[in-house]
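# Sequence and predicted model, in that order:
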Amino acid sequence: MNSDDVVKRAFAMPLTSPAYPPGPYRFIDREYMIVTYRTDPERLRAVVPEPLQVDEPVVKYEFIRMPDSTGFGDYTESGQVIPVSFQGRKGSYTHCMFLNDHPPIAGGRELWGFPKKLAQPRLAVDIDTLVGELHYGRMQVALGTMGYKHRQADIAAVKAGMEAPNFLLKIIPHVDGTPRICELVEYRLSDIVMKGAWTGPAQLQLHSHALAPVAELPVLEVLSAVHIKADLTLELGKVVHDYLA
């Protein structure tokens, strides 16, 4: 294989058998349970990188079921997303994500800079309750519960929130361990087909763990919850700030 062949084929690792295919990435019947809660403002500001700004001490804890996703398969994800603003635009910053499928871990980190780690999340209906769980190894680190489809949500408002910009901190080290890429990346969801959105009573418990420190942003008050079903496309991103420039 000559140098031109390497460059031509170099999309993702490994070279001859990439962990995931090229996009676009379409998700069918994607299902969310998002519990919004108030947290400690100082702890929140300590984990959000400039030039993003925290407007209020709020975190969205997400459990996401993805049964049909192009190239990534069938998996579940869980983590924390923080409402932020960037240059006057409202959006969200993904603080941490845990999932149970290698291709979206590799693709998420390499392409966009999603802060993904391997764990065991779950989202399912238990009789009259929507239940989200996150286990890291054998230990439960998050448990969310929500009344199943108690009230219709404002679908237009929910869709507008999903269409807002999302921000990630992409870090790729050099071979000597120093940062080679350190960028703020923006991405969006598009072609969203809403299939339902509901609200209801909810609770969220977070447990301390050294390697899955979701409890470092403690739950002081649950503010709201939403259950969403939709089809959507995960767009590729763009760099909006280079920390090494």
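Cool, the structure landed. Computed from a prediction, not measured in an experiment: that's the story for all the values here.
# Just the buried residues of whichever strand or helix holds Ala160, please?
Per DSSP states H and E: Ala160 is located in helix 155-162. Buried residues in helix 155-162, defined by neighbour count with 16 or more other CB atoms under 10 Å: Val158, Lys159, Gly161, Met162. Just so you know, the C-beta spots here come from the backbone N, C-alpha and C atoms, and that holds for glycine as well.
# can you check stretch 102-113 too?
Pro103, Pro104, Ile105, Ala106, Gly107, Gly108, Arg109, Glu110, Leu111, Trp112, Gly113.
# Assign the fourth one to helix, strand or coil.
So the one you mean is Ala106. Under DSSP: H, G, I helix; E, B strand; the rest coil, Ala106 falls in the helix class.
# got the contact list for it?
Residues counted as contacts of Ala106 (CB atoms under 8 Å, 6 or more residues apart in numbering) are Ala12, Met13, Ala19, Tyr20.
# thought the last one was touching Arg109?
Yep, that's Tyr20 we're talking about. No: Tyr20 lies out of contact with Arg109 (CB atoms under 8 Å); the separation is 10.6 Å.
# from what I can see Leu52 touches Tyr93, true?
Yes: shown here, Leu52 and Tyr93 form a contact pair, counting by CB under 8 Å, at 5.5 Å.
# which neighbours do these two share?
Common contacts of Leu52 and Tyr93, defined by CB under 8 Å, 6+ apart, comprise Val84, Phe167.
# who's more crowded, these two?
Tyr93 (23 against 19; other CB atoms under 10 Å).
# That one belongs to a helix?
No: using three-state DSSP, the secondary structure at Tyr93 is strand, not a helix.
# quick one: contacts for it?
Contacts of Tyr93 (CB under 8 Å, 6+ apart): Val48, Pro49, Leu52, Val81, Ile82, Pro83, Val84, Asn166, Phe167, Leu168, Leu169.
# Confirm that Arg109 sits in a helix.
Yes: counting by three-state DSSP, Arg109 is located in a helix.
# list the contacts for Gly113?
Gly113 touches Leu168, Leu169, Lys170, Ile171, Glu183, Val185, Gly237, counting by CB under 8 Å, 6+ apart.
# What strand or helix carries the fifth one?
Right, the one you point to is Glu183. strand 179-187.
# With the fourth one instead?
Element membership of Ile171, judged by DSSP H and E, is strand 166-173.
# I'd like the average pLDDT over that strand.
Across strand 166-173, pLDDT averages out at 98.
# got the buried residues for it?
Residues of strand 166-173 classed as buried by neighbour count (16+ other CB under 10 Å): Asn166, Phe167, Leu168, Leu169, Lys170.
# next one: stretch 231-245
Leu232, Thr233, Leu234, Glu235, Gly237, Val240, His241.
# Most widely separated two among the residues you listed?
Leu232 and His241 (25.3 Å; CB to CB).
# Met33 bridge partners, please.
Met33 forms beta bridges with Phe63, His227, as assigned by DSSP bridges.
# Report the contact partners of it.
Glu62, Phe63, Leu123, Leu130, Gly132, Gly144, Met146, Ala225, Val226, His227.
# What about those, which one has the most neighbours?
Busiest of the contacts of Met33 [other CB under 10 Å] is Phe63, holding 28 neighbours.
# From the buried residues of stretch 102-113, pick the one nearest Gly73.
Pro103 (6.8 Å).
# Tell me how far that closest one lies from Gly71.
7 Å (CB to CB, to the nearest Å).
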